[in-house]
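J.: Sequence first, predicted model second:
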Amino acid sequence: MNQCVQFCDIQIQNRMTTKNYNLLLLLTSVFFSNMSISQDFTGKAVYKTDRTIEISLDSTKIQADKMNSIQAQLRKAMQKEYELVFTTTASNWRETEKLGEPSVATSGIQIRIAGGGDDSLLYKNTKTQESIETKDVMGKLFLISGAMKALNWEMTPETKQIGKYTCYKAIASREVTNKVAVSVNGERTEEKKTNTETVTAWYTPDIPVNHGPDEFWGLPGLILEVSNGKKMMICTKVVLNSGEQIAIEIPSKGKPVTNEEFKGIMEKQLIMMQKMYGGGKKKGKDSAFTIKIGG
């Protein structure tokens, strides 16, 4: 009996030692990578995005297969490609140039995907921890500036391969409040819900910068993949120190607004879209519906 307990204790100690060893290797790798970083270090990374689209339709007015078709087509329309251009401390995040896409038309409902495009640009500076963003909303430009939000990342020894890079897993929790406008047969109600969501990121110390796609940053290596259960961004291409001169642009176009003011603008935009497509004066066979875009 005592021999069995002793043997079990040894196994547990060995497992703990292996875990600690992996963490030591990780920290050592990060340390030496950061020691070798140059002030001239530059790079470009291309990311593809995918979002979950939740649609609620009046079941008395539309069939389930038609609703699934709308959801699939909207999800495809929301899949985009972005480019992250970075130096050691600053970065630009913008959607890659492409030909204009028509509105998504399905089942008698036409929906135009707003936002993004060539005029939208996010600037982040991880040294000063400030961000400035030019955002296009239905053809109107807004200039949003403020402090970068830092997540309390928990690093783990778990690894996976993304392309040729060994990536480590990090997780963080944050509270997210969503305001959903629901319009059925001309009557609109709003619901506000606060949930705790888990953000999972995979970063590589082989690229020793603390940048990441969109709003994400703050890990000891470039974030190559990040998801929150509703939205995923994954890197498909990385080019480092190509010799091409990298110019980081600080956005200056648009009407200056705070983050809170911009949230109010987007809420009004959602209400307007609900009135246009979700009832009001224009009623039709499939007019009553609600769309919620994850992320």
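T.: Happy to help now that I have it. Residues are numbered from 1 along each chain as shown.
J.: Report the beta-bridge partners for the residue nearest to Pro251 when sequence neighbours are not counted.
T.: Nearest non-adjacent residue to Pro251, counting by CB to CB, 6 or more residues apart in numbering: Thr134, 3.9 Å away. Using the backbone N, CA and C atoms, a C-beta is placed for each residue, glycine as well. For Thr134, the beta-bridge partners are Leu121, Leu143 (DSSP bridges).
J.: Quick check, pLDDT for Thr134.
T.: Thr134 is assigned 95 on the pLDDT scale.
J.: My understanding was that Thr166 contacts Pro157; is that so?
T.: No - counting by CB atoms under 8 Å, Thr166 stays clear of Pro157, with 11.7 Å between them.
J.: Give the buried residues for stretch 259-270.
T.: Buried residues in stretch 259-270, defined by neighbour count with 16 or more other CB atoms under 10 Å: Phe262, Ile265, Met266, Leu270.
J.: Looking at the residues you listed, spot the one nearest Lys140.
T.: Ranked by distance to Lys140 (CB to CB), the buried residues of stretch 259-270 are led by Ile265 at 8.7 Å.
J.: Report the separation between that closest one and Lys149.
T.: Applying CB to CB, to the nearest Å, the value for Ile265 to Lys149 is 19 Å.
J.: Ok, Asp40 next?
T.: On the measure of CB to CB, Asp40 and Lys149 end up 29 Å apart.
J.: which of these two has more neighbours?
T.: Using other CB atoms under 10 Å, the more surrounded residue of Asp40 and Lys149 is Lys149, with 13 against 9.
J.: so what's that one closest to, chain neighbours aside?
T.: Glu215 is the one closest to Lys149 (CB to CB, 6+ apart), at 6.9 Å.
J.: Now for that neighbour: which residues touch it?
T.: Residues in contact with Glu215 (CB atoms under 8 Å, 6 or more residues apart in numbering) are Leu122, Ser131, Met148, Lys149.
J.: who touches the first one in this structure?
T.: Taking CB under 8 Å, 6+ apart as the definition of contact, the neighbours of Leu122 are Asn92, Trp93, Arg94, Ser131, Ile132, Glu133, Asp214, Glu215, Pro251.
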